[in-house]
Structures are given as structure tokens and as C-alpha cells.
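Undergrad: Pasted the sequence and its predicted model underneath.
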Amino acid sequence: MLVAAAVALVFFAIPLVGIVQRANWSTIWHDLTTAEARDALALSLVCSLSAAALSVAFGTPLAWMLARTQLPGRPLLRGLVLLPMVLPPVVGGVALLSAFSLSSPIGGWLHDTFGIQFTFTTAGAVMAETFVAMPFYVITVEGALRGMDQRFEEAAASLGAARLTVFRRVTLPFILPSVVAGTLLAWARALGEFGATITFAGNIAGRTRTLPLAVYLELESDTEAAIALSLVLLAVSLVVLVSLRDRWIRAT
Amino acid sequence: MKPNPRLLLAALAAAALVLAGCGASSTTSETSAAGSATTSGAELSGKITVSGGTSLTEAFTKIGKDFSAAHPGVEVAFNFDSSTTLSTQILAGAPADVFAPADEANMTKLTDKNLIAGEPQVFVRNELVIVTKPGNPKGIKTLADLPTAGVISLCGEKVPCGKYAAESLQKAGVSIDESNITRGQDVGATLTAVTEGDAVAGIVYVTDAKKAGGAVEAVPIPAEVNVIATYPIGVIAASTNIDVAKAFMAYVLGDEGQAVLAEYGFVPAA
């Protein structure tokens, strides 16, 4: 057991040590403060935070529906929601294009009627990130909803609380740790999103070129800058995942 | 308190998928299996990996099939990606036996480090072309029409096709605002932005435009502002199967290889 655990740990640790060791610390500050790097970082924060917020806003009702209602074909619906987790992100991007590009029926209608365009816009980058990240939120919150003792909700309802009140005053406090954890997980995933974003929203400086896209472009020319940018992603994600674990242990 | 197993399970599944979902490699691998198990004394045998620029994908896949049909017992695997990614991989120690990038700069990176056995040779050339949506709805006739047409798809600035496109635009005295450029990680992605996405036009190789068929309309770039891409090929010094690697290189340079390349729209080397 311990040996296998140690092997797994080393397996994760070595590549990380490798990238930290390859970083050129004398130029890292310069690499991270170029206009391109700052643009990409700012854009990444805006897009990933928006994607996380959208995941909470739409994912919470979805998780509740999947956990609490007796809809026919619910396993199928859940599969549909979780599909982006296993779909190669580039394929997700192509799927989004087929639905929302200017030449698609919906995308064309949105553009002709409201002047809304998702491709090559920051909104499109947010959409691609949400598509990939929201399932992580939904699966986490749905798990929490299924795991909680429903008698509390029943008691509240029997005392006359309306459905929304029950959710707000009873359910939500119970699942709050999972809501937080799911949000962080979705945010971290959105922050690292590459394939769906570049395929659907394109790779335009300042508009859709998020940090992972900038890393890819830099990798072609300036490996040190790419590593510096990757380290930022790595540090941010690590902080999120570490704080997430603490949250979990305290919650359960 | 005991951890809730459901929550843990969900967390584990989610964490695993975070990691699994992050991959964005466009590496493809085509293997042509050997037909016969019996090999005579001098016959070549074994497996080689050929790292080739994305624009070579179809032609090399075909050549690989022909080559292994001519040499039963030989297996050719391909790694197609942007030439810059490939040279970075090989410099970092990724195993490969033959390297065929879409420009000489990426070959030079390897010859500078003595990673190539013998002299690399230019085996084929390629030209640039403008591609638009079918029917050319924006009426693009020359490079000069691009800056005002909408979002244009170009390769990354440091990828060969991106460098060539920049050179060609410069020759034509055209400059496109960076906020109107979406950059693909390789020529395949650059083309996809036009065929699947909403880029109004792109600059790719003639061979890619040909491959896309009716999905795009090709608008030629006049010779005086066009850029001729030269493709070198070389055997990696660290190859574990140098005989097969050399034979493959010779096959690409030979009549049969050249005929296949011409079939896909490439221009002969000399």
C-alpha cells in the first residue's frame, strides 16, 4: 500500500520538480511582467472567475434537479452534463462551434437578431471555459445533495417553509462546503482550459488569449517565458487545491 | 468525523478528470503494421518514429504505408505537430528516428547540437495561399484585402507557417492588426479556424488548401510576394534503428516518395 502510494506521489512530484527546476529565476519577473503576460493573466482571471460564477448560478439548480427530482431518463441527463469532463476539450470546442458559430443556425440567429457573437470574443472564451468547468461543480454539489439527510428539509417543509426557503435556509448551509469546493474546482479547471477555448473562441491577443494559450504560443519561441507562465498557473492551482482539501476535511 | 464516502468519491473522480482533461496535445500516430513475419537476411526490420510538420500528415502517412509495404517487417510510426513543437520535443530528448520540419530553422536547431546524423537534405517545397470560406463571401482577391475583411487565421508567430505568412505580408506591404488575428498552434488548427470556425480567411500552405477540398476557396498569392517553404529531412543521430531511418529518408527523396508528395500538391525540391 505504502509503496504504491509513494510511487504515485513520486509520479506526480517529479514532473513538477522538473518544471520548477527548468525555470530561470533571474528572468522570471521580467517574463511575467511583459505586456503579453499581463494581458493573458488578467484575461485568464476574468474568464475563469466568470466561468466559475456561471457554474454556480446555473450549476446549483442543475445539481439540485439531478439529485432531487424523479425526472425520467435522469441517468442520461447526468451523463450529458458530465460528458464535457471526458470529451477531449478540442472536440468540445468543435461542438460549441457547430452550435454557436456564425454559420450555425443558433449562432447565426443570435448574431443577426441581437448582434451577439461568441466566436473570437471574450464571451466565447468564458463560454468555452464554462462548458468544460461546470460539470466539476455539478458533480460535486450533486454528490453533497445526495449525501445529506433529507429529513431536515422535510421537517422544514412540514413546518410551512416554502421550497425556496427550505433550499436557502436548510439545504444550502448543509452543502455549503461542497459548493465552495465545487466552485474552486470549476475555477481551477477553467483557469487551465486550453483546447475548447482556442478552438471555439480563437487565439486573439487581449481578447481570447488566456494564460494557457499564451503558454502554448510562448512554448514555440521562448521556453523560459512559457515555463514562467506555467509556474503561475501551477502555483495558483496548487493553492486552490490545497485549500480545497482543508475545506473538505473540515466539512465532513 | 468520518469522511463521507460519496463526497470523497466525487472529489476523487473530479480531481482525476481535472488532470485527464488538461491534455491538449495534437499529436497523432499512424502505424503501418508489417504484413509478413518472415524476413530474409538483408531485409530491414524494426520500428521507426518519424517526426514531421503537420502539413506533411497525409503525404507522409501514405509514404509510410508504401514504405512498409515495400519492406515487410518495418513499422513506421508518425508524430505530426508544428515543426517548432517537434524540434523542442527532440531537443528535450523525445525519441525520434527521422525529422522532417517545414522549415530549415528548426532543422538547424538540431544540427547545431549535433543531433542529426550526416547532412539533412531539402526534399520538397511548399507555397502559401489564402483560404476563404467557400464562395469567398468577403470577395478577398489579394493579401491587401485581409486587414479589413474580419478575423484572419494565421499560424503562431514562431511556427514556420506563421513566419512565412508574416514574410509574405511584409513583402506585400500589408499589416493586419493583431486584434484581428487568431493564431493556430499549427497549420492544421489555422485551417480549422476557417473551415469550422468564424475566421473569414487564413494563410496556409497550398497543400492544406488542397486537402481541405470544397471546405475552402483558395485565393493564390502572386509569386513575387509569396514565400517558398523548404522542407529538410534528416536522420536523428540517436536513432536506435539508423538503417531503417536512412532507408526511409532515401525513400522520401526517391522517385516513389516524390511522386506521392507531388500528388498532395507539394513542389519538387529542385
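TA: On my side now, so go ahead. Residues are numbered from 1 along each chain as shown, chains lettered A, B, ... in the order given.

Undergrad: Could you use CA atoms for every contact and neighbour count after this?
TA: Fine.

Undergrad: The residue in the stretch 151-270 of chain B that chain A sits nearest to: what secondary structure?
TA: Residue of the stretch 151-270 of chain B nearest chain A, by C-alpha to the nearest C-alpha: residue B:182 (4.6 Å). Three-state call for residue B:182 (DSSP: H, G, I helix; E, B strand; the rest coil): strand.

Undergrad: How about it: which residues does it bridge to?
TA: Going by DSSP bridges, residue B:182 is paired in beta bridges with residue B:153.

Undergrad: That one: what's it in contact with?
TA: A:120, A:202-205, B:151-154, B:199 (C-alpha atoms under 8 Å, 6 or more residues apart in numbering or on different chains).

Undergrad: Up against chain A, what does the stretch 51-200 of chain B have?
TA: Counting by C-alpha under 8 Å from any C-alpha of the partner chain, the residues of the stretch 51-200 of chain B close to chain A are B:84-85, B:88, B:151, B:156-159, B:178-185, B:189, B:193, B:196-198.

Undergrad: returning to that earlier point: so which of the contacts of residue B:182 belong to strands?
TA: Judged by DSSP state E, strands contain the following of these: B:152-154.

Undergrad: ranges for the strands of the stretch 151-270 of chain B?
TA: For the stretch 151-270 of chain B, the strands defined by DSSP state E, counting those that start in this stretch cover B:152-155, B:181-184, B:201-205, B:217-220, B:228-236, B:267-268.

Undergrad: Check which helices and strands the last one is in contact with.
TA: It stands for strand B:267-268. Using 3 or more C-alpha pairs under 8 Å, 6 or more residues apart in numbering or on different chains; DSSP states H and E, the elements in contact with strand B:267-268 are strand B:116-132, helix B:255-263.

Undergrad: now do 6 Å
TA: With contacts taken as 3 or more C-alpha pairs under 6 Å, 6 or more residues apart in numbering or on different chains; DSSP states H and E, strand B:267-268 sits against strand B:116-132.

Undergrad: same deal with the longest one?
TA: The contact analysis (3+ C-alpha pairs under 6 Å, 6+ apart) places strand B:228-236 against strand B:98-100, strand B:116-132.

Undergrad: Could I get the CA-only coordinates of the helix or strand just after the shortest one as PDB?
TA: Stepping forward along the backbone from strand B:98-100, the first helix or strand reached (DSSP states H and E) is helix B:104-112. Presented in PDB, the C-alpha positions along helix B:104-112 are these (Å, rounded to 0.1, in the frame of the first residue of the first chain):
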ATOM      1  CA  GLU B 104      15.300  24.900 -42.100                       C
ATOM      2  CA  ALA B 105      15.400  26.900 -38.900                       C
ATOM      3  CA  ASN B 106      14.000  24.000 -36.900                       C
ATOM      4  CA  MET B 107      16.400  21.600 -38.600                       C
ATOM      5  CA  THR B 108      19.300  24.000 -37.800                       C
ATOM      6  CA  LYS B 109      18.300  23.800 -34.100                       C
ATOM      7  CA  LEU B 110      19.200  20.100 -34.200                       C
ATOM      8  CA  THR B 111      22.200  20.200 -36.400                       C
ATOM      9  CA  ASP B 112      23.700  22.900 -34.100                       C
END
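
Undergrad: and residue A:149, that's in a strand?
TA: No: counting by three-state DSSP, residue A:149 is not part of a strand but coil.

Undergrad: so how far is the helix or strand containing residue A:219 from its chain's centroid?
TA: Assessed by DSSP H and E, residue A:219 sits inside helix A:211-221. Per C-alpha atoms, centre = their mean, to the nearest Å, the displacement of helix A:211-221 from the mean C-alpha position of its chain is 20 Å.

Undergrad: go on, stretch A:202-217?
TA: Chain-centre distance of stretch A:202-217: 17 Å, with C-alpha atoms, centre = their mean.

Undergrad: mean confidence for it?
TA: In this model, stretch A:202-217 carries a mean pLDDT of 90.
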